[in-house]
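Trainee: have a look at this prediction, sequence included:
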Amino acid sequence: MTATLAADPSASSAGSDVVLSLEGVTKEYPTTPPVRALRGVDFAVTRGELIGVVGPSGSGKSTLLHIMGTLDRPTAGEVTVAGYDVADLSDKDLSALRSRHIGFVFQQFHLLSGYTALDNVADGLLYTGLNVRTRRELARRALLRVDMGHRLHHVATKLSGGERQRVAVARALVGSPSIVLADEPTGNLDTKNSDAIVELIHQINEEGVTFVVITHNPDIAEAFPRTAGLRDGRIEYDTGVKR
Amino acid sequence: MSKSNGLVPSKLHAADAVRTASVGLHTRKLRAALSALGIMIGIAAMVGVLGLSESSKSDLLAQLDRLGTNLLTVQAGTGIGIGSGELPAEATGMISRIGPVEQTSTISSVDANVYKSDYIPEGQTGGITVQAVDVNLLDTLAGSVADGKFLDEATATYPTAVLGSVAAERLGIREVTGTQQVWLGDQWFTVIGVLDEFELNPDLDRAALVGMTTSETFLDHETVPSSILIRVDPDYVDDVTAVLSATANPQNPEEVEVARPSDALEAKEAADDAFTALFLGLGAVALLVGGVGIANVMVISVLERRSEIGLRRALGATKRHVAVQFLGEALLLSAAGGVGGVLLGWAVTGVYANIRGWTTLIPPLAIGGGIAAALVIGVIAGLYPAIRAARLSPTEALRSA
């Protein structure tokens, strides 16, 4: 099944090139008093990696994900995604960057309730300019890849939590992004479904997809090939690739 | 738009823009229907009012066409200090000698009352007058007979009467059998006909009409004209009007009233126009309220769908794409309301025009204008919510989920 579906040529060649890097990234929210969510984070993700970022709530996990995903800009420091320096890009360029190079998986799945699994996944390509036929075909393949081939035409609301998250993973994969960022992907799932999603992430990563998974659950994070600990806006530890 | 940095810009096909704009309608059908309803009522009111006004106007034109606008009436002036209430006996003859006059018909009020029978007390006249008329009256007034027949040269010399529509009803005569009699001026008169309503001279609806000769022979009436009906060449209506009073009564032209009955119909229509303007105003208010409704729904929609906005930004939507989606949604709502309103207005006009026996006419301007107005309202109502949605930062939108 997987052989024909590893559509991203860059993902299949396991080089050591950097997909994403943060250098001295600081994020300060201009509240009173100002909140420093990130304090000088240095972090690099190499193609094909699967990294767990773990930290308690308030450690700056969400901010880190937003900055890595170019949904927000750092107050200071340098962010490079897929070779692009975020500081050089306009808002519009960042949208283009996200549509081509970054996939997101959210805790709340964020599926459109009235639409089928296939349409939801195809929406992952909505802003790429591909025509609808191609989008649907790629969506179908992405759903097969997450073992959801039997649920293509099920409306999102009729799916179980685990199935919804699989659809969301497929949506993140459908554009063959350079990197997939997952924000507490198991946060809304029971243990069984949670294990299944973690298993799926491992499996997809083995196909060559680069993953950063943010979680508060150390068990999940530490099972990944590389684990980074975040506390008070700083990288407390980074195991590097364990094996 | 291509950038030197080599990034392929985000792009949303037009068809997909429409599809994303319909997401909200798809998932919240009842709310969408209700908010479109406001616009629909406003547009329907405006289209209906314009349609009804147009239909009734066309009916009036058809009516005027049928009745002619070239009928003039000359009447003895009434009121304090204005003459005897009679025209000179030779007035008809003099008027008929005015060049463009095509036809004249004289009416002479008879001092008599009509009763159903001789047992009816004298005071209960029913408000019915007796008029001696020429046999060409029906032709001159473009009137018609409901039942029986009108006076002719023969019956105009016998004690026979033709009843106006109201008079016939008050005397209890619906169908003419040829044997019905009425007690008229202390004699029995045979009813030979009942007339339809006169559109140009409603006074005659409440009259019993007898022939000139009959009135002289049987009612001892001196046939002095009380009013004269004149058909003139349509091109010379104003010229004839100018000389009419002097011709009818050269000694006292100021005692003569000249009128053009079709003017009354046109005046009535002008009064209707004032109402049309009023109802159009009401329609505009309804439309405005409908627009506020849509704006309200859109603002709520943006608040409720923050996470969807965040998701779309994460998937690569630009601010513009988000704005287009919400503006598009407002436009779809208002367009649905506009089209629905035009159809409803059309239907209302059709039903009412049908009841009144008019031809249904909707001015194309009302249709085009109705839909255009709805779309303009949609843009105005959707603009603010759309801009708000576009300005929402992606992180904030995602966090609120």
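Mentor: Perfect, thanks for sending it. Numbering: from 1, shown residues only, chains lettered A, B, ... in the order given.
Trainee: can you classify the residue in the stretch 101-250 of chain B positioned nearest to chain A as helix, strand or coil?
Mentor: Using Cβ to the nearest Cβ, the closest approach of the stretch 101-250 of chain B to chain A is made by residue B:199 at 60.1 Å. (C-beta placed from N, C-alpha, C; glycine too.) Assigned state for residue B:199: coil (three-state reduction, DSSP: H, G, I helix; E, B strand; the rest coil).
Trainee: now the most centrally placed residue in chain A, what's its secondary structure?
Mentor: Of all residues in chain A, the one closest to the mean position by Cα atoms, centre = their mean is residue A:181, 1.6 Å from it. Assigned by three-state DSSP, the conformation of residue A:181 is strand.
Trainee: for it, which residues make a bridge with it?
Mentor: residue A:104, residue A:212 (DSSP bridges).
Trainee: so what's the residue count around the residue nearest to residue B:111 when sequence neighbours are not counted?
Mentor: Closest residue in space to residue B:111, ignoring its immediate chain neighbours: residue B:221 at 7.3 Å, by Cβ to Cβ, 6 or more residues apart in numbering or on different chains. Residue B:221 has 20 neighbouring residues, counting by other Cβ atoms under 10 Å in any protein chain shown.
Trainee: for residue B:221, give me its contacts.
Mentor: Shown in contact with residue B:221 (Cβ atoms under 8 Å, 6 or more residues apart in numbering or on different chains): B:108, B:110-112, B:132, B:215.
Trainee: now do the contacts for residue A:121.
Mentor: Counting by Cβ under 8 Å, 6+ apart, residue A:121 makes contact with A:139, A:142-143, A:167, A:170-171, A:174.
Trainee: that one and residue B:8: what is the separation?
Mentor: Relative to residue B:8, residue A:121 is positioned 20 Å away (Cβ to Cβ, to the nearest Å).
Trainee: residue A:65 now?
Mentor: Remark: distance between residue A:65 and residue B:8 (Cβ to Cβ) = 24 Å.
Trainee: and these two? Which one has more around it.
Mentor: Counted by other Cβ under 10 Å, residue A:65 and residue B:8 do not tie: residue A:65 has more neighbours, with 23 against 14.
Trainee: if we can go back for a sec, and the contacts of residue B:221, which two are furthest apart?
Mentor: For the contacts of residue B:221, the maximum inter-member distance is 11.7 Å, found between B:108 and B:112 (Cβ to Cβ).
Trainee: which intervals of chain A have sub-threshold pLDDT?
Mentor: A:1-16, A:243 (pLDDT under 70).
Trainee: what's whichever helix in it runs longest packed up against?
Mentor: For chain A, the longest helix by residue count, based on DSSP state H, is helix A:191-206. Secondary-structure packing of helix A:191-206 (3 or more Cβ pairs under 8 Å, 6 or more residues apart in numbering or on different chains; DSSP states H and E): strand A:50-54, helix A:161-173, strand A:211-215.
Trainee: report the backbone C-alpha coordinates of it in PDB.
Mentor: What follows is helix A:191-206, C-alpha atoms only, in PDB (Å, rounded to 0.1, in the frame of the first residue of the first chain):
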ATOM      1  CA  THR A 191      -6.000   5.500  25.400                       C
ATOM      2  CA  LYS A 192      -6.800   3.000  22.700                       C
ATOM      3  CA  ASN A 193      -7.300   5.600  20.000                       C
ATOM      4  CA  SER A 194      -4.400   7.600  21.300                       C
ATOM      5  CA  ASP A 195      -2.100   4.600  21.000                       C
ATOM      6  CA  ALA A 196      -3.400   4.000  17.500                       C
ATOM      7  CA  ILE A 197      -2.700   7.600  16.400                       C
ATOM      8  CA  VAL A 198       0.800   7.400  17.900                       C
ATOM      9  CA  GLU A 199       1.300   4.200  16.000                       C
ATOM     10  CA  LEU A 200       0.000   5.800  12.800                       C
ATOM     11  CA  ILE A 201       2.500   8.700  13.300                       C
ATOM     12  CA  HIS A 202       5.400   6.300  13.600                       C
ATOM     13  CA  GLN A 203       4.200   4.500  10.500                       C
ATOM     14  CA  ILE A 204       3.900   7.600   8.500                       C
ATOM     15  CA  ASN A 205       7.200   8.900   9.600                       C
ATOM     16  CA  GLU A 206       8.800   5.600   8.500                       C
END
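Trainee: gap between that helix and the chain center?
Mentor: On the basis of Cα atoms, centre = their mean, to the nearest Å, helix A:191-206 sits 14 Å off its chain's mean C-alpha point.
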